[in-house]
Every structure is written in structure tokens, then in C-alpha cells.
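Asker: with the sequence up front, the predicted model follows.
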Amino acid sequence: RRGSPGHPVQATPSGRMDPFEDTLRRLREAFNSGHTRPAEFRAAQLQGLGRFLQENKQLLRDVLAQDLHKPAFEADISELILCQNEVDYALKNLQAWMKDEPRSTNLVSPLDSVFIRKEPFGLVFIIAPWNYPLNLTLVPLVGALAAGNCVVLKPSEISQGTEKVLAEVLPQYLDQSCFAVVLGGPQETGQLLEHELDYIFFTGSPRVGKIVMTAATKHLTPVTLELGGKNPCYVDDNCDPQTVANRVAWFRYFNTGQTCVAPDYVLCSPEMQERLLPALQSTITRFYGDDPQSSPNLGRIINQKQFQRLRTLLGCGRVAIGGQSNESDRYIAPTVLVDVQETEPVMQEEIFGPILPIVNVQSVDEAIEFINRREKPLDLYAFSNSSQVVNQMLKRTSSGSFGGNEGFTYISLPSVPFGGVGHSGMGRYHGKFTFDTFSHHRTCLLAPSGLEKLKEIRYPPYTDWNQQL
Ligand code: NAD
């Protein structure tokens, strides 16, 4: 499991084994040959990606079920269809995105032609996590290929079924002189990061994001960091509890809570909590039945390490709903915790599982103050019948994205950027934003070689200017 399939391990000049040197050299040569630049080549890669998704639909559903017990509906809407839409959108808009963008000039360059050219960076490295193992590898890949780059793709070693398909099947649909999948975990990723790369696109935890950014400084490589955090969800007193319960529970328990943009905790008054709890119980029963463990609509925790971490979090506060777990099945029931202290682990770390703590606040002002005391989240949700309250929350806080009376449905829209702010990341992608992320925006000014008389005014001696002062 070292390096790309079919590429032998090599020793670096320092004597250490480097499995990636060959692969990277091959990709760099392909990029330098100009092979990836024509629109036709880029379109062919995107079409290949589309065919990969179409022709392997059931296989992909199967491996997502194997890795995460993902229900087919969740796999389709959050992975397969979402990726396909991004491919289709990029194919439809590729020519327009690639076009030079003319820009206005001023008196300094009245007859010059000024434009922005979108150039590929070169060799880009995409590092993905395990929770949406297809979406979070392929959606960045769409933009990287559309922008004309060569790509090294590293799926998560933890979602093993999907990793295997990405390594063994996906390359058959792409030009392998310009694209490689590498396998491995922290050690291999670290080795790859020692090399000079032209762009690094990382999705994962803030902890590893810092490691990636530190490694990138060595070669001054630009990075996008798509990270995680704790996404607050404020619920105002005037809400209909059943509507809020349906929406919050769906977005919290989707993918068994292993979603970076899921509402991580609820902030509401004690009165709203009393009304919300029976509504949440009724929603959970409707979604997953009396015995959620036997429900086909609920996935499982990815591995034992994550399961044990989540089981510990069940000990925080008091269990109001759920709380059951089963180690051999890596099952955690959809759970709601109350009486939770801000200092407890469940309020200190990103939960990333089907556990929803409720923290009491007395007012929207107190909720805003609570949110602003913490790291800027990836997402923030506010539920209220009053648009004033929603707008107040929007105006007085900061987060990667914001949902008013709704969860993370915006994620399926290629028309809007997705990305964090502060501790939840830097950079943005989806739709044209991915293409732009993987393109250097090169300002070009082309002047006529003649007409020197017009330009002479700027040269020293600056006699006229000095006289005006
Ligand atoms: P992770 O940071 O542990 O791993 C992400 C990737 O980094 C994997 O490919 C892994 O092999 C690699 N990696 C791990 N340790 C490394 C190290 N020491 N050096 C170099 N590479 C290393 O994250 P994860 O557990 O796979 O995913 C969960 C995290 O990702 C959560 O924090 C979640 O919020 C975040 N996430 C963010 C987004 C987003 O779009 N912002 C999406 C999904 C997940």
C-alpha cells in the first residue's frame, strides 16, 4: 500500500525511501508538455469523470454502504448526484470560465489591452477525509481538472472501500499521464508534502490543517484548507418546535452526524427546550422507528476509534433522548443531551456523530455572545419566525456559511462558494469557485510596441509636475 499502484518505492538522495518521486516527476513532465491546457483535453477528463460516476453507480453505493452504512438515498444526494452535477456544470461552463476576462484601463494605459488570464497552477495535491469520501475527493478534482492541472489525489485511508475504488477504477477513466491516486495515511501524506507542489487542497480537521499549512510554507505553496469545528444552531422561542425538530434532526443525524456542516449544538431558552424535546423524540421515532439500530435509514460510525470517542461524549450532561450504543455494530443512537456544561468535552470538541447537546441561553443576545466567544464556525444556523432575529444573528456573527430556518442545503448549489473562515478554514470552492481556486489569475497588459510619444509624458525629468506642487 505504498505510493501509486505500479510505482516502485525509490530512495531519496538522503537514503530515505520515497514512494512518490517517480509519480510526481511523471506528472510534472506531463504538465510542462502543455498536454493538459487545451479545452478539449479538460473536457475529455470531465467527461471521463462523469462516465466513472454513471458506470459505477451501484459499486459506489455499495462501497459507501460498506464504509459508513450510508443509506442509498443519502449516498445519492450527498455524493453521487452532487458530484455529477458539479461535472455537468463544469462541462457546460468550461469555455466561458477559460476565457480571458478583459478589464478596463485608465489614463496610465489608454491604448493598452488589459485582461485576466486563468492559468493552471501545475501539479496540485488534493487530500480528502473519510466522511463524504467520494464528494470530498471528486468535487475538488472537477475544478482542478477543469483548470488544466495535473493532479495527485489522496483519498482517506479510513474509508477503505471507497479508497480502493478511487485507486483502482477511477484512473481507468482519466489520462494517467496527468493524474494519479496515491494511497496511505499521515506518514505517506507527510512524505508527499515534502515535495514541491503547486497547490494543496486539504479537507479535514483543523489539527491536520495546521500540519499541512506548516509543510506548505517550506515551498511557499498556496493552500485551501476546508476544516471543521462546532456549528451553533440558535432556536428562538417563537418557532414551531416540530418544524425545527424535523429540520435540525435531519441535518444532525444525516450521515450519522459525521458531517462537517451539521448543526453541532442547539442554543435555546429552557422554555423552548421543554417544547423541543418531545418534538425531537417524535421526529427521531418517525425517521428511524422505535429501534433505530434496526433502521435502514441510519448509518454507522466509521471505525472503533471514532466510536469510542463518541461513546465517551455520551457521558456529558444528561441523556434526554437516545444514548444507547453497541460496540460490535459501531452503533450510536440518535441522541439529545441536556444540562450540558460549556466546559465538558462535548462542548469543547467537534462532535462529528449523532449527538446533539442543548445549551440554554436566555436571549438572542446571549446566544450571539456565546457564539462570538468561540472559534469562527464553518456554519451557523438560526431558527426564528422573526426575520429580524435571523438578520441580527447574521449581522453580528461570522461563519463560513449561514442558514436561516434551514440546514446545509446550499451545499448542492454550484452557484455559491463553500468554505470556512478563521479556524474553520481558508479558501472556497464549488462550481466556478473551484475552477478559480485551481487557477492562477494572471494579470496581463499588452501595449502597442509603437506610440512612444503618448508614453513619454511619464519619464523624468518631472519638470511640469514639480512646478505644480
Ligand atoms: P483528518 O484531518 O484526520 O484527515 C484528513 C486527511 O489528512 C486524510 O486523508 C488523512 O490521511 C490525512 N492526515 C491525517 N493525519 C495526517 C498527518 N498527521 N499528516 C498529514 N496528513 C494527515 O480528518 P478526518 O478525520 O478524515 O475528517 C474529519 C475532519 O474533517 C473533521 O474535523 C471535519 O469537520 C473535517 N471536514 C471538513 C470538511 C469541510 O468541507 N470543511 C468536510 C469534511 C470533513
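Answerer: Thanks, I have it. Numbers count the residues shown, from 1 in each chain.

Asker: neighbours around the closest residue to Phe433 other than its chain neighbours, how many?
Answerer: The spatially closest residue to Phe433, leaving aside those adjacent along the chain, is Pro417, at 4.3 Å (CB to CB, 6 or more residues apart in numbering). Where C-beta positions appear, they are placed from N, C-alpha and C, glycine not excepted. Neighbour count for Pro417, taken as other CB atoms under 10 Å: 19.

Asker: my read: Pro417 touches Arg428, true?
Answerer: Yes. If you go by CB atoms under 8 Å, Pro417 and Arg428 touch, sitting 3.6 Å apart.

Asker: any idea how far Ser109 is from the residue nearest to Phe433?
Answerer: Noted for Pro417: a distance of 31 Å to Ser109, by CB to CB, to the nearest Å.

Asker: Lys395 too?
Answerer: Counting by CB to CB, the gap from Lys395 to Ser109 is 40 Å.

Asker: per-residue pLDDT, the residue nearest to Phe433?
Answerer: If you check Pro417, the pLDDT there is 98.

Asker: coming back round to it: of Lys395 and Ser109, who's got more company?
Answerer: Set side by side, Lys395 and Ser109 show more neighbours around Ser109, with 14 against 8, by other CB under 10 Å.

Asker: up against the ligand, what does the protein have?
Answerer: Taking CB under 6 Å from any ligand atom, the part of the chain that reaches the ligand is made up of 127-131, 136, 154, 156-157, 185-186, 189-190, 203-205, 208, 211, 226-228, 260, 350, 352, 378, 420, 425.

Asker: of those residues, buried ones?
Answerer: Buried by 16 or more other CB atoms under 10 Å: 127-131, 136, 154, 156-157, 189, 203-205, 208, 211, 226-228, 260, 350, 352, 378, 420, 425, out of the residues of the chain next to the ligand.

Asker: so which of the residues you listed belong to strands?
Answerer: Cross-referencing those against strands under DSSP state E gives 127, 154, 203, 226, 425.

Asker: how about the residues you listed, which pair is most distant?
Answerer: Farthest-apart pair in those is Lys154 and Gly425; separation 17.9 Å (CB to CB).

Asker: which residues of this structure score low on pLDDT?
Answerer: 1-17 (pLDDT under 70).

Asker: same thing but 50
Answerer: Low-confidence segments of the chain (pLDDT under 50): 1-13.

Asker: and the residue of it closest to the ligand?
Answerer: Closest to the ligand within the chain is Gly228: 1.9 Å, counting by CB to the nearest ligand atom.

Asker: that residue touches Phe352, doesn't it?
Answerer: Yes. Between Gly228 and Phe352 there is a contact under CB under 8 Å: 7.2 Å.

Asker: overlap of the contact sets of those two?
Answerer: Cys260 (CB atoms under 8 Å, 6 or more residues apart in numbering).

Asker: rewinding a little: and of the ones in strands among the buried ones among the residues of the chain next to the ligand, the nearest to Val235?
Answerer: Using CB to CB, those come closest to Val235 at Gly425, 25.7 Å.

Asker: show me which parts of stretch 32-42 are buried, residue by residue.
Answerer: So for stretch 32-42, counting by 16+ other CB under 10 Å, buried means 36, 41-42.

Asker: ditto for stretch 453-464
Answerer: If you call a residue buried by 16+ other CB under 10 Å, then stretch 453-464 has no buried ones at all.

Asker: between the two ends of that stretch, how far is it?
Answerer: 16 Å (CA to CA, to the nearest Å).

Asker: next: stretch 148-162.
Answerer: 25 Å.

Asker: what segments of the stretch 151-300 of the chain are strands?
Answerer: 179-181, 199-203, 223-226, 232-235, 265-268 (DSSP state E, counting those that start in this stretch).

Asker: wait, I meant the stretch 351-469 of the chain
Answerer: Assigned by DSSP E, counting those that start in this stretch, the stretch 351-469 of the chain shows strands spanning 355-360, 379-383, 401-404, 425-426, 439-446.

Asker: and those, which is most packed in?
Answerer: Among the strands of the stretch 351-469 of the chain, the stretch with the highest mean neighbour count (mean count of other CB atoms under 10 Å) is strand 379-383, at a mean of 27.

Asker: so which elements touch that strand?
Answerer: strand 232-235, helix 241-253, helix 387-396, strand 401-404 (3 or more CB pairs under 8 Å, 6 or more residues apart in numbering; DSSP states H and E).

Asker: list the neighbouring strands of the first one plus their orientation.
Answerer: Right, strand 232-235. Strand pairing for strand 232-235, using DSSP bridges, gives strand 265-268 (parallel), strand 379-383 (parallel).

Asker: check the offset of the last one from the chain's centre.
Answerer: By that I understand strand 379-383. 18 Å (CA atoms, centre = their mean, to the nearest Å).

Asker: next one: stretch 311-325
Answerer: For stretch 311-325 - counting by CA atoms, centre = their mean - the centre lies 29 Å from the chain centre.

Asker: pull out the buried positions in that stretch.
Answerer: Quick answer for stretch 311-325 (16+ other CB under 10 Å): 311, 313-314, 316-317, 319-323, 325.

Asker: any chance of those residues in TSV, with secondary structure too?
Answerer: Below are those laid out as TSV (DSSP: H, G, I helix; E, B strand; the rest coil):
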residue	secondary structure
Arg311	helix
Leu313	helix
Leu314	coil
Cys316	coil
Gly317	coil
Val319	strand
Ala320	strand
Ile321	strand
Gly322	coil
Gly323	coil
Ser325	strand
